[in-house]
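> Let me see the structure of the following:
(2 chains)
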2 protein chains.
Amino acid sequence: MRTDYCGNINASHIGQTVTLCGWVNRRRDLGGVIFIDLRDREGIVQVVYDPDLAELFNTASSLRSEFCVQIEGLVRGRPQGQVNKDMGTGEIEILGKGLTILNKAAVLPLDSNQENSEEQRLKYRYLDLRRPLMSDRLKFRAKVTSAVRSYLEGDGFLDIETPILTKATPEGARDYLVPSRTHKGKFFALPQSPQLFKQLLMMSGMDRYYQIVKCFRDEDLRADRQPEFTQIDIETTFLSAEQVMEITEGMIRNLFMKMLDVDLGVFPQMTYADAMRRFGSDKPDLRNPLELVDVADILKDVEFKVFSGPANDAKGRVAVIRVPGGASMTRKQIDEYTKFVGIYGAKGLAWMKVNDIDAGVDGLQSPILKFLGEDVAKQVLTRVAAQSGDILLFGADNATVVTEALGALRLKVGEDLDLLQGQWKPLWVIDFPMFEEFDGQFHALHHPFTAPRDMTADELAADPANALSNAYDMVLNGCELGGGSVRIHDQEMQAKVFNILGISDEEAQVKFGFLLEALKFGAPPHAGLAFGLDRLVMLMTGATSIRDVMAFPKTTTAACPLTDAPGFANDEQLKELSIKTQIAQDKASSSE
Amino acid sequence: MRTDYCGNINASHIGQTVTLCGWVNRRRDLGGVIFIDLRDREGIVQVVYDPDLAELFNTASSLRSEFCVQIEGLVRGRPQGQVNKDMGTGEIEILGKGLTILNKAAVLPLDSNQENSEEQRLKYRYLDLRRPLMSDRLKFRAKVTSAVRSYLEGDGFLDIETPILTKATPEGARDYLVPSRTHKGKFFALPQSPQLFKQLLMMSGMDRYYQIVKCFRDEDLRADRQPEFTQIDIETTFLSAEQVMEITEGMIRNLFMKMLDVDLGVFPQMTYADAMRRFGSDKPDLRNPLELVDVADILKDVEFKVFSGPANDAKGRVAVIRVPGGASMTRKQIDEYTKFVGIYGAKGLAWMKVNDIDAGVDGLQSPILKFLGEDVAKQVLTRVAAQSGDILLFGADNATVVTEALGALRLKVGEDLDLLQGQWKPLWVIDFPMFEEFDGQFHALHHPFTAPRDMTADELAADPANALSNAYDMVLNGCELGGGSVRIHDQEMQAKVFNILGISDEEAQVKFGFLLEALKFGAPPHAGLAFGLDRLVMLMTGATSIRDVMAFPKTTTAACPLTDAPGFANDEQLKELSIKTQIAQDKASSSE
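Here you go, the predicted model:
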C-alpha cells in the first residue's frame, strides 16, 4: 500500500512518485492550495494539493485531523524560502496526485494543543501514543531492549522463560493471587521477581541466564510504581561480585554509548557506610556536589545541648552541609527548609551564613554563633572549607534522623539552587549490611538469599548486626537502576540466614523447602542482578513517570481506563473457582 | 574461577594449563588412575588424576556424581587408541593439578540410567535440566527466540510490551482471574493473547509490532497444552494478507536455515475447502501421501444404501483413501481401523484390496464388491489410480463424519505403514469460512476481529454462512504453527460481525466498547499473526511434548511439583482481597 515511510522521504527522492500511508497531522488551506502534514511512525511529510485537480482537491479539503489516508504524489524540492530545517523531510514536499481516505476520524476527545489529564490520555491511549513524543519513547524502549539482548547474548547469556503462575515469592511486597480451578481453595501467585527460578537455573547448569520479564507487586502505587513492571533479570555461575559488576556495568555503558552517544566512563564504587555518611542516602545523586560533613568531635564540648547532646551520644550524629552561594538565602527560604527537614523528624535547622570568610566572627551571621564561640565556629569552617557566600546547614539528632533529613535537604537545596553538575553520574554502592534491625527483629536488607561477605555461617550467626553482604546496587543520578548480590549456595548458610531472620525451620520448609533441597545436590556458586527496565528507559528518555514509557500503564489505583479493567466476573466463573467475593456475599445476605 | 568452558577445550589447548568449573558427570577408577568426566553447559571433558599427587588423588577419589568442582590441569593429547571422536573434547584430556570441591551432592533422587517419571523429573527439575538433552533444548530455544527477534527487528518490527493484568479477552477459552484489592469484587484476567492490545498499537501508529509473550488459558490440559504458553505475536499496518504471509514465511524459512540448515522452500497455499476435502483436516500433514478422494458421483446409483444414501444426500459424503501396500493388511488390522474410525462416528469401514490390478474383478478382494458390481468398482479404481498391492478404505456418512474419520484414519495408517515422505512439509491454509454454525448459532472460526475476504458489511450480513475470512494458518507437518488474519478496521463491519455472532449491542459495548470507540478515530487497515513458540521449538528439536522445551512446566493438573504451587493463601491475604474460598467457608461452617 506504500512505497516508503513518510519520515524517510528526502531530497534523494526528488522526481520520484511515491505512495504513502499515514494520518493527517494537520491540514492548512493557504493561498488556494491545501497543505497536508502526513504523519507515520517515522515522521511527517508535507503533501500539497493544487486546485487544478478538482476532485482530488475536494477530497483533500474534506480531510480532518487523524483521518487515515493513502496518498500518491511526486516528490519535489521546496521553493528556497520554504525549506524547513527542523523537519527531516523539510527540504522536500509531495505534489499530491492521488488520495484515498482509508478511515475517517470523529472529533477527537484529546486536545492536541492543550495538556490532557492523565485519565483522558490513558482512556484514549491509542490517540495519546500517536504523539511523536510518546511513540518515540516506545521506539526508544524497543531499541534499549534490543541492545540489552544483543549485549548479553553476545556474552553467552541464554534467554530462558520462568513461570508467571507460581508460588508466593519472598520479596516481601504483597502478591497478586490467582485462584486455581483444578486445586480448589489454592492460589498461584504472580512473581515479584524470578529470583528463585533463576537460582534454580544456575543449579541446573545453565551457567548464564537473562530474561526481560514482567514482575508484579500489589502495592499502593506511587509515581514510579506500577502493578506490573519489567525487569532485566540476570544470573551467572562461577563469577565473583566484581565480575558480575563488570559485565553489567559494561552493558549499561554500552547502552548509553549506543543510544545516547554518552560515555559513562568507569563507575566509581562507594560503600553503603560512606554513601550514608557523605550523602545521607544509599542511592546518592552524585550530580549534586553537596555533602554531609561530620562535626560531632568539634561540637561535643559546647554548652549548646542541641549539639553537644547528640555529639556525645553513640547513636547521635551532628553533621553540616556547606551550600556554596547559600548566604543569599532569605529567612523565608530557611524557614521552609526547616519545615522540610521536620518531615524527617528533625526538630530544627541551625544555620550559619559566611558573608566574609576573612572577617572572622564579624563575617558570620548565625543565631547559634553565640552558643558555639569563635574557636569552635572556626574549626567548623575549616572542616568544611567554608568560603565567602556559603551557608552551613546543621543537623543534630539521632543518627537516622540527621542522615535522612540532611540527605533529603541536600537534594532539595541542590535542585533549588541549581547546583547539579554533569548530566549522568553512575556509581556502585557496595558493602551493604546483611540485616536491618527493627521491631526487635532482623530483616534482610536485600533478600534472604544474599550471601554475606567473607564469612562462615558460624561467624555470621555470632554477629549478624555487623555482617556485610556481598550485594551491589547500581545507582544513576540518585535512582537505583538495579541491584544484585552473590547468592548463598550452601545449605547450612541458607538455613542459618533463615534462622537469623526468625523464620522457623517449619516455615522455611513450607516456603523454601525446594530451595534447601536443591542446595543439597552440587549447587554452584552463583550471583546475579536485576535492573528496572521501566525506570532505566524513563531516565534515558527524560520522561518524568514510568507510565510515559509503557504502552498501556495503569492508573495509581491500578485500573485501566482504556479497557475498564478490572471488571466483574460472572457467577459461573466464580463457582468454577470455588470462590466468593465479599461484595457478592453482601448482596446475597441483604436480599435474604 | 575458570579460564574456559569444559566443552570448549580441544587440541588447540594442548600444553596449556586451564581452570574449569562444572559437575562430575562420571567418575571411573581404572588402572590406579581416576578419570573424571567434568560437565558444564557447553560439554564434557575428561580429567585424569594420577596417584603420584596423593592428596589430590584422595580428593578425586571422594568425588561422586553431580559434585560441583573446580579443577586445574594441563591439557594434553590423548594416547592414539583413546581418542574419542564422538566427543567434542575427545582428542584431549586434562592432567589434574588442582581440585576444589565447591559443593557436594547427596544421593541423587533421579536415576541417570533409567527413565524417571515425569512427576519426579518436574520435582527435581534442576537435576533433570542438567541432562545435556534437556539443556540443549533450552539453549536451542534461546537461539530460536534470538533469531526470531533479530529477523523481525531487522524488518522494522518494534518489541512493545502489553499488559498481563487486563480485561477478559474474547478467545473463548477460560480466563485465569486475578482479584483486585483496590477495586473490591472486581478481577483482572490474564490475557489469552494480546490480540486487542496489538490492534490498538496499530491504531496508535506503531506500524509494526512484535512481542514474544506469555499467554494464559485455564483449560483442561493435554500433552501439548500448558496453562501458560508463549506466543510470537505479530501485527502490521497497511499490509495485505499476502504481505504478512510473505514476511512470516520468510521468518520461519530463515529460522530453519539458520538453526537446522534446512531449506523449507516456498510454502504452498491451500484453501480450507481443499484441505478438508483432500486431507480431512485444516492442518494437513503433507508428509503423508494418502488423500481422500470423492467418489459419490460414481456410487450414487448402487443398490448398496450405505453408499448410495450419503452419495445422494447434499450433506453426505462418500470418499476413499488408496493405501499403497495396504493389501497386505490382516483382517485384525482392518478391524482395528474400523474401531478407530468409530471414535469419529463412522459406523463401519468398507475396504477393497487390489491384489492384481490387471486381473479384473478376480484381482480384487472385498466384502462390498458384490454390492458395487464390476463396472462401478472399475470406475473407482480408475478414479484413485489404484495399483496392485493397494487397499482402498471407504467412508460414507454425513460429510463431517467422513471427513473427520478418514482424516484421522489417513494419519494413523500413514504412520503405521511408515508412508511419510520428507522431513519438513510446511503450507499455508487460507480462505477459511468466517463462521461455523452449531447450536443454531454462528461462531467465529478464528476470532470476532477477523475481516471477511472481499465483502462489504451488507454482503456479509446477507450470507454469513458462505462468507470467507481473510485469515491464514501456517501448518507444518500436521501442526498449526501459527495463525492470523487481516483485522476489521471499520466500525460498521465490526458491529455487523458482533451482530451475526449474536452479541447484543449492549454486550458488545460492555466487552468491546473501547475497540468500537477506537475504530472511530482513523483506525488503519491492519493484519497480523501469532505463532506458538513452544510448539515450534518442540517440532524443531524433535521433542514429543512442549513440557520438554520449557524450563519449569506444570503437570497436566496445572501444578508445579517443584515449588508445590498452587498453595493456600492466608486469611489476611483473602480478607484484603475481599474474597472467600469455598473451602475456607466449609471449614468455617463446620466449626460453628
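
> For the rest of this, base every contact and every neighbour count on C-alpha atoms.
OK.

> Ramachandran coordinates for the nearest residue to A:Ser504 once chain neighbours are set aside?
Nearest residue to A:Ser504, sequence neighbours excluded (CA to CA, 6 or more residues apart in numbering or on different chains): A:Phe498, at 7.4 Å. Main-chain torsions, A:Phe498, degrees, to the nearest 10: phi -60, psi -40.

> Next, count neighbours for A:Phe498.
18 (other CA atoms under 10 Å in any protein chain shown).

> Could you pull up the contacting residues of it?
Going by CA atoms under 8 Å, 6 or more residues apart in numbering or on different chains, A:Phe498 touches A:448, A:504-505, A:508.

> Next: A:Phe307.
Neighbour list for A:Phe307: A:296, A:299-300, A:318, A:396-397 [criterion: CA under 8 Å, 6+ apart].

> Then A:Arg277?
A:292-293, A:403.

> Walking through the stretch 451-592 of chain A, point out its strands one by one.
For the stretch 451-592 of chain A, the strands defined by DSSP state E, counting those that start in this stretch occupy A:471-476, A:479-486, A:526-532, A:567-568, A:579-581.

> can I get those strands in TSV with mean neighbour count and distance to A:Thr182?
Output for the strands of the stretch 451-592 of chain A, formatted as TSV (neighbours: other CA atoms under 10 Å in any protein chain shown; distance: least, CA to CA, whole Å):
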stretch	mean neighbour count	distance to A:Thr182
strand A:471-476	25	40
strand A:479-486	22	36
strand A:526-532	25	33
strand A:567-568	18	21
strand A:579-581	20	13
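
> Take the ones you listed and lay them out in JSON lines including distance to A:Leu158.
Conversion of the strands of the stretch 451-592 of chain A to JSON lines gives the following (distance: least, CA to CA, whole Å):
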{"stretch": "strand A:471-476", "distance to A:Leu158": "22"}
{"stretch": "strand A:479-486", "distance to A:Leu158": "18"}
{"stretch": "strand A:526-532", "distance to A:Leu158": "14"}
{"stretch": "strand A:567-568", "distance to A:Leu158": "38"}
{"stretch": "strand A:579-581", "distance to A:Leu158": "40"}
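
> I'd like these as TSV, with mean pLDDT and distance to B:Gly342 appended.
Listed next are those as TSV, based on pLDDT from 0 to 100; distance: least, CA to CA, whole Å:
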stretch	mean pLDDT	distance to B:Gly342
strand A:471-476	98	65
strand A:479-486	97	60
strand A:526-532	98	56
strand A:567-568	91	43
strand A:579-581	90	41
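
> Need those in a markdown table (columns: distance to chain B).
Formatted as a markdown table, the strands of the stretch 451-592 of chain A follow (distance: least, CA to the nearest CA, whole Å):
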| stretch | distance to chain B |
| --- | --- |
| strand A:471-476 | 19 |
| strand A:479-486 | 14 |
| strand A:526-532 | 11 |
| strand A:567-568 | 5 |
| strand A:579-581 | 4 |
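
> Could I get the buried residue list for stretch A:316-336?
Buried residues in stretch A:316-336, counting neighbours by 16 or more other CA atoms under 10 Å in any protein chain shown, are found at A:316-327, A:334.

> A:Asp490 versus the residue nearest to A:Ser504, what's the distance?
Going from A:Phe498 to A:Asp490 by CA to CA, to the nearest Å gives 13 Å.

> from the contacts of A:Phe307, which is closest to B:Met276?
A:Asp397 (82.6 Å; CA to CA).

> So that closest one, which state does it fall into?
strand (DSSP: H, G, I helix; E, B strand; the rest coil).

> hang on, isn't it packed against A:Ala314?
No. In this structure, A:Asp397 is not within contact of A:Ala314 by CA atoms under 8 Å, at 11.1 Å.

> more crowded one of these two?
Neighbour tally, A:Asp397 and A:Ala314, criterion other CA under 10 Å: the higher count belongs to A:Asp397, 25 against 9.

> separation between the more buried one and chain B?
38 Å (CA to the nearest CA, to the nearest Å).
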